[in-house]
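[1] could you look at this predicted model? Sequence included:
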Amino acid sequence: MPAPVVATVDEVATVNLADPATHVERDLSGYWRRLRTSMPVHWHPESEFGRGFWVLSRYSDIISVYRDNERFTSEEGNVLATLLQGGDTASGKMLAVTDGRRQRDLRGVMLKAFSPRVLARLADKVNENTERRVRGAVERGEFDFAAEVSEHIPISTICDLLGVPESDRATLLRLNKSALSSDDPGETFTDAWSARNEILLYFAELAEERRREPKDDVVTVLATATVDDVRLSPQEIIFNCYSLILGGDESTRISMNCAVHAFTEFPEQWRALKRGDAGVKAAVEEVLRWSTPAMHFGRTARQDVTLYDRVIKKGDLVTLWNSSANRDEEIFADPYVFDVGRSPNKHVTFGHGPHFCLGSYLARVELEALLTALITFVDGVELAGPVGRVHSNFLSGISRLPVKTTPSRRTD
Ligand code: HEM
């Protein structure tokens, strides 16, 4: 894919990053190139979506801000949706929007439940579930990959970990799908807000059950954990369950869809993977870079900070665009090329620094299971209809993916 034409300054002014439609309707690659080359600290004006905010687009600046939660806090919210609303109700209670000592304590509690050692036990189940889904779909030959395969893998895995009963999973998937993004452009902020509240209520009840009758699952870990001999507060327990069900499902699901979509767009890369010219682990990293499901995260400046010739004032919102950092030509050779053998590949898809994604290991296990199952059961894959795109200013990717596959000779 050739490098995009750099957008003009006038074109830059027409882009509203807060508007979900922008990310579905416009190709922003020329916009990001312009920002990276000559407007690395860009002031995005206020709009009907809320106040103005800074936009950082260079890999090196984004990494520095991710690392620096002394000067840039997550406690006022860490995505545009909450930052523009003036804060996050989970601030100081949910890991992603808590800083300092409490964040380290909460992260310590949650890491026990998410260590590679614990997750290694889950990997067999993930592999088996993924194989079954891919194999069943490929037998049909033509199907919506999103509905038949990816919709069932991350949600089952995170529900297994959390200890959510089978009977509740379809409801949670439905709520998850409207809590952060939507497949339906007609969905309102109120729909998303009520979906988020239903999820919180659900976990309030489940946590209470687990506190009374502990089981071997993450909700029990949170409901019974102590820090300095003090239990987590009910709100800490509920908000962190909430962040796990949302974090654990949608971004991984989207990256799975994007993986298959990329293989339909770049069949020679699919062939290279299938032949074993590139390893599965390297291909997973490239899928993560290529798809960048979480386009941005955000922070609020705690003090005045000068970056290049611009002064970010105390209280200003600063957004970090992973989708631009992952195409930064200073870091990645031929960033617009999907190359399953790419090495090195230090993408920022999982963020960086103290808030680095807690579920990165799990997401990688799931993507590895998917690519391995595809290599085993699929010979060729092509698009069989128009794709559906996620409608959001935070998540980007594909939500409907009709494909036609030819089975591998090894399906029996
Ligand atoms: C944090 C992306 C999968 C749970 C983050 C952050 C990013 C990210 C960029 C940093 C946020 C910030 O700095 O404000 C992704 C992507 C995923 C993924 C792209 C899939 C491809 C998962 C999974 C889980 C999860 C599977 C849970 C099982 C979390 C949690 C945090 C987090 C709890 C907050 C960590 C903290 O603040 O200390 N994720 N994530 N994520 N992620 Fe993920």
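    Yep, that arrived. Residues are numbered from 1 along each chain as shown.

[2] for burial, what's the neighbour tally of R302?
    R302 has 17 neighbours, counted by other C-beta atoms under 10 Å. C-beta coordinates here come from the backbone N, C-alpha and C atoms, glycine included.

[3] my guess is it contacts R71. True?
    Yes: at 5.5 Å, R302 counts as touching R71 under the criterion of C-beta atoms under 8 Å.

[4] any idea how far E70 is from A283?
    Separation of A283 from E70 (C-beta to C-beta, to the nearest Å) stands at 37 Å.

[5] dihedrals phi and psi, the closest residue to the ligand within the chain?
    Closest contact between the chain and the ligand, by C-beta to the nearest ligand atom, is at G359 (2.0 Å). When read as degrees, to the nearest 10, the backbone of G359 gives phi -100, psi 10.

[6] so A283 and E70 - more neighbours on which side?
    A283 (27 against 10).

[7] and the more buried one, what is it in contact with?
    Contact analysis of A283 by C-beta atoms under 8 Å, 6 or more residues apart in numbering lists L273, V340, G341, L371.

[8] which residue is the nearest non-sequential neighbour of it?
    Once flanking residues are discounted, A283 sits nearest to V340: 4.0 Å by C-beta to C-beta, 6 or more residues apart in numbering.

[9] helix, strand, or coil at that neighbour?
    Assigned with DSSP: H, G, I helix; E, B strand; the rest coil, V340 falls in the coil class.

[10] my read: it touches V280, true?
    No: in this structure, V340 is not within contact of V280 by C-beta under 8 Å, at 9.1 Å.

[11] how about the residues of the stretch 51-200 of the chain by the ligand?
    Proximity of the stretch 51-200 of the chain to the ligand (C-beta under 6 Å from any ligand atom) is limited to residues Y66, S74, N78, L95, A96, R107, I158.

[12] next one, pLDDT for the second one please.
    Predicted confidence (pLDDT) for S74: 98.

[13] also the third one?
    As summarised for this prediction, N78 has a pLDDT of 98.

[14] repeat for the last one
    Looking at I158, its pLDDT stands at 94.

[15] ok, for it, nearest residue in space, not its chain neighbours?
    Distances taken as C-beta to C-beta, 6+ apart place G248 nearest to I158, at 3.1 Å, with adjacent residues excluded.

[16] can I take it that that neighbour is in a strand?
    No: applying three-state DSSP, one finds G248 to be helix, outside a strand.

[17] ok so, going back, farthest pair in the contacts of A283?
    G341 and L371 (13.1 Å; C-beta to C-beta).

[18] and those two? Which one has more around it.
    L371 (23 against 14).

[19] look up how far S194 lies from A18.
    A18 is 21 Å from S194, by C-beta to C-beta.

[20] who has more neighbours, those two?
    Neighbours per residue, other C-beta under 10 Å: of A18 and S194, the larger number sits with A18, 20 against 14.

[21] for that one, which non-adjacent residue is spatially closest?
    Per C-beta to C-beta, 6+ apart, closest to A18 is F49, 3.6 Å.

[22] pretty sure that neighbour contacts A21?
    No: shown here, F49 and A21 do not form a contact pair, counting by C-beta under 8 Å, at 10.7 Å.

[23] of the two, which one has the most company?
    Set side by side, F49 and A21 show more neighbours around F49, with 15 against 11, by other C-beta under 10 Å.

[24] give the contact list for the more buried one.
    By C-beta under 8 Å, 6+ apart, the residues touching F49 are N16, A18, D19, L80, L84, N393.

[25] list only buried entries from those residues.
    N16, A18, L80, L84, N393 (16 or more other C-beta atoms under 10 Å).

[26] remind me which helix or strand the fourth one belongs to.
    Take DSSP states H and E as the rule and L84 turns out to sit in helix 80-85.

[27] who's in contact with that helix?
    By C-beta under 8 Å, 6+ apart, the residues outside helix 80-85 that reach it are 17-18, 49-51, 53, 76-77, 88, 97, 180, 296, 298, 300, 317, 319, 393-394.

[28] if we go to 10 Å?
    17-18, 20, 44, 46-47, 49-53, 74, 76-77, 88-91, 97, 180-181, 189, 192-193, 295-300, 317-319, 392-394 (C-beta atoms under 10 Å, 6 or more residues apart in numbering).

[29] just stretch 263-270 next, same as before
    So stretch 263-270 is contacted by 1, 145, 259-260, 262, 271-274, 277-278, 283, 286-287, 290, 337-341, 371, 374-375, 378-384, 387, 401, 403-405 (C-beta under 10 Å, 6+ apart).

[30] out of those, which are buried?
    Buried members of the contacts of stretch 263-270, counted by 16+ other C-beta under 10 Å: 145, 259-260, 262, 272-274, 278, 283, 286-287, 290, 338-340, 371, 374-375, 378-379, 381, 384, 387, 401, 403, 405.

[31] narrow these to those in helices?
    Members of the buried ones among the contacts of stretch 263-270 lying in helices (criterion: DSSP state H): 145, 259-260, 262, 272-274, 283, 286-287, 290, 371, 374-375.

[32] if we can go back for a sec, can you list residues touching both of F49 and A21?
    With C-beta under 10 Å, 6+ apart as the test, F49 and A21 both reach N393.

[33] now do the contacts for N393.
    N393 makes contact with 16-23, 49, 79-81, 84, 181, 295-296, 319, according to C-beta under 10 Å, 6+ apart.

[34] wait, is it part of a helix?
    No: going by three-state DSSP, the assignment for N393 is coil, not a helix.

[35] now do the phi/psi pair for it.
    Dihedral angles of N393 (phi, psi; degrees, to the nearest 10) stand at phi -100, psi 0.

[36] and for the residue nearest to it when sequence neighbours are not counted, the neighbour number?
    Closest residue to N393 apart from its sequence neighbours, by C-beta to C-beta, 6+ apart: P20 at 4.9 Å. Using other C-beta under 10 Å, P20 has 22 neighbouring residues.

[37] got the CA positions of stretch 68-78 in CSV?
    Extracted C-alpha coordinates of stretch 68-78, given in CSV (Å, rounded to 0.1, in the frame of the first residue of the first chain):
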residue,chain,number,x,y,z
ASP,A,68,4.3,10.1,32.8
ASN,A,69,1.3,9.8,35.1
GLU,A,70,2.8,12.4,37.4
ARG,A,71,2.2,15.2,34.9
PHE,A,72,-0.7,13.5,33.0
THR,A,73,-3.4,11.8,35.0
SER,A,74,-6.0,9.2,34.0
GLU,A,75,-8.2,10.1,37.0
GLU,A,76,-10.3,12.6,35.0
GLY,A,77,-11.1,9.9,32.4
ASN,A,78,-8.9,8.0,29.9
